[in-house]
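K.L.:
Okay, here's the prediction I keep looking at, along with the sequence it came from:
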Amino acid sequence: MNSAWMIYGANGYTGELIAREAVRRGLAPVLAGRSDEKVGALARELGLEHRSFGLETQDEVGEGISGMALVLHCAGPFSATARPMMQACIARGAHYLDITGEVAVFELAHTLDDEARAAGVVLCPGVGFDVVPTDCLAAALKAALPDATRLALGFDSRGGMSPGTARTSVEGLAQGGKVRRDGRLVSVPLAYKTRRIDFGDGEKLAMTIPWGDVSTAYHATGIPNIEVYIPASPKLVARLKRMNLVRPLLGLGPVQGWLKRRIGRTVRGPGEAQRARTPTFVWGEASNAAGRTVRGRVRVANGYDVTVHASLRIVERVLAMSGVAGHLTPAGLVGEAFVEELPGSEPIRVESAGGD
């Protein structure tokens, strides 16, 4: 069995964390990215093979991943990079995993399900914090309440952002929010809804965000109405609501360029000590038409540590699988209990919250 696999975007913040942990585990991925200088320096330090190629043409990407059984794609923004890599993986018969949280990428993978099945290829975006813990919790809530019609998910994370995540967030400002309503993705304003939630560390004001679960949780559970929340101060909620008035301007090239340059100067990503002291609290609530509600919580490690360990474990499992193909969410691929296996994770707790 071909077990050669690649980390594309290995010189980015998260890609490098994954590459270093892979070597610590005795794995030997091929490191790849656009910059031969940066990827090559990391590969030489870790004693790994490397390749450099861009994603502009199908031939270039196909040649770049030639001979790989699997690609773990870590180069964002995934809204721009996922399609060429997915298509190349399907064409070359390589499984595709990534660490995105972007709704559009999950929906793209779903549209390519038939092609992936025909090629015998797994397409599983979101094999990191985006969206492993929330996807596993969504599946557990569905199992506890099979006729659920509404699902709310959320997380409280204080670990800081990497430069790539911050740039993706800036791009998302112009697109507004997203919720799932009656099975359809619906665009909504920024900070569309607020409510008070106890994520597991005390009750807090929270607001909706366009997190990937409005796509993945629907495909994993079939629940037709889905919202995702994070804690937010009243000042932040008010600021985002005001930004709705000028949201089209936020998508203009000069504005995006200025914001991303500022990120490049100020955002470095959390260090190891900061990640170690900032766990993440994940929460969910499902309800049915009769008014019954169940709630669930799971505490996990810092999101970046979740991403490192979850992505590598899923790489190993996919390489050992046979007969599995098509678009799958993480919980659909490795099961709802998977999150409990990760370092720093506690068991999922689901309890009745009222109703008949």
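P.N.:
The structure has been received and is ready for your questions.
K.L.:
Can you report how many residues lie near the closest residue to Ser187 other than its chain neighbours?
P.N.:
Of all residues not flanking Ser187 in the chain, Gly176 sits nearest, at 5.6 Å (CB to CB, 6 or more residues apart in numbering). C-betas here are computed from N, CA, C, even on glycine. Other residues within reach of Gly176, judged by other CB atoms under 10 Å, total 18.
K.L.:
One more: Ser352?
P.N.:
The burial count for Ser352: 11, using other CB under 10 Å.
K.L.:
Now do the same contact list for Ala206.
P.N.:
Gly154, Thr194, Arg195, Arg196, Ile197, Phe199, Tyr229, Ile230, Pro231, Ala232 (CB atoms under 8 Å, 6 or more residues apart in numbering).
K.L.:
Which among those residues count as buried?
P.N.:
Gly154, Ile197, Phe199, Tyr229, Ile230, Pro231, Ala232 (16 or more other CB atoms under 10 Å).
K.L.:
any idea how far the most centrally placed residue in the chain is from Phe281?
P.N.:
Nearest residue to the geometric centre of the chain (CA atoms, centre = their mean): Asp130, 2.2 Å. Distance check for Asp130 against Phe281: by CB to CB, to the nearest Å, it reads 16 Å.
K.L.:
just to revisit the earlier point, quick one: which two of the buried ones among the contacts of Ala206 are the most distant?
P.N.:
With CB to CB as the measure, no two of the buried ones among the contacts of Ala206 lie farther apart than Phe199 and Ala232, at 12.1 Å.
K.L.:
which element is Gly332 on?
P.N.:
Assessed by DSSP states H and E, Gly332 sits inside helix 330-334.
K.L.:
Now do that helix: which elements does it pack against?
P.N.:
Judged by 3 or more CB pairs under 8 Å, 6 or more residues apart in numbering; DSSP states H and E, helix 330-334 is in contact with strand 122-124, helix 132-144, helix 213-221, helix 303-320.
K.L.:
and with 7 Å instead?
P.N.:
On a contact count with 3 or more CB pairs under 7 Å, 6 or more residues apart in numbering; DSSP states H and E, helix 330-334 meets helix 132-144, helix 303-320.
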